[in-house]
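Participant: I would like the atomic coordinates for the input below:
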Amino acid sequence: MRILIVGDSGTVGKAAAAELGRRHDIIRAGRSSGDLIVDAMREESVKAMYAKLGKVDAIVTCLGHVHFGPVATMSPEQFRIGLNDKLMGQVNLFLLGMNNVNDNGSFTLTSGILDRDPVRAGANAAAVNGAIGAFVKGAAIEMPRGLRINAVSPGLLEDSAAKYDGFFPGHEPVSSARVGLAYAKSVEGALTGQVICVG
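Facilitator: Prediction:
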């Protein structure tokens with residue numbers, strides 16, 4: 001398969017690329033590095049990337065920032081960080097990339113554990129992750145041409161545990177290998193409309 005991975009330079013994206021790259025042709029895209037450059041929050045940038053990309057069998061999105069901070073002092077502008085970046089960045093890539101995916105191909109978005117196992121200061125991440133899961137379920141029932149859509153929802157990765165030390169109390173970190181397998185399950189399997197949880 002020919003697979004586009006957007007956001008392959010992050011911890012989750014590296015896990016997806018490592019697993020899928022064993023068997024497939026990977027095209028990497030990111031905001032500042034990769035085979036293609038794209039700012040997923042800007043529609044014109046997404047359209048320009050897809051014009052260069054051509055047809056693929058799958059698109060995997062592993063990107064997006066959210067705001068971490070106390071909900072009691074969070075501003076609407078801060079809350080919109082996750083909505084504009086992690087949610088709409090991935091939705092833009094999906095909506096504008098439909099014609100670039102071959103029949104019976106797939107999209108895999110990335111959410112995260114905080115909508116099902118929240119932590120303090122993670123309300124924005126929880127809301128965005130929940131929205132991604134709901135979008136995937138809603139979109140799946142009207143996908144054309146045999147296309148599929150899923151989301152992978154990883155827990156705290158072992159490779160990121162030191163960076164978030166103390167931020168995820170009691171969370172058991174998951175390996176990059178397990179996260180990579182979840183992307184393989186979405187891309188190579190037959191599931192659609194599912195949130196594939198890891199951890």
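Participant: drop to CA atoms for contacts and neighbour counts, all remaining ones
Facilitator: OK.
Participant: quick one: low-confidence ranges for this protein?
Facilitator: Nowhere does the chain drop to pLDDT under 70.
Participant: Which stretches in it count as strands?
Facilitator: Under the criterion DSSP state E, strands of the chain are mapped to 2-6, 25-30, 36-37, 56-61, 101-110, 148-154, 195-198.
Participant: now, of the ones you listed, which is deepest in the fold?
Facilitator: Of all those, strand 148-154 carries the top mean neighbour count, a mean of 28, counting by mean count of other C-alpha atoms under 10 Å.
Participant: what does it contact?
Facilitator: Applying C-alpha atoms under 8 Å, 6 or more residues apart in numbering, the contact partners of strand 148-154 are 104-113, 132-133, 136-137, 139-140, 174, 179, 182-183, 186, 190-199.
Participant: Identify the bridge partners of residue 152.
Facilitator: Under the criterion DSSP bridges, residue 152 forms beta bridges with residue 110, residue 196.
Participant: quick one: the helices in the protein?
Facilitator: With DSSP state H, the ranges of helices along the chain come out as 11-20, 43-53, 76-82, 88-97, 123-140, 176-188.
Participant: can you tell which of those is closest to residue 70?
Facilitator: Minimum separation from residue 70 across the helices of the chain (C-alpha to C-alpha) falls at helix 123-140, 8.0 Å.
Participant: Show me what that closest one packs onto, helices and strands only.
Facilitator: Using 3 or more C-alpha pairs under 8 Å, 6 or more residues apart in numbering; DSSP states H and E as the contact test, the elements touching helix 123-140 are helix 76-82, strand 148-154.
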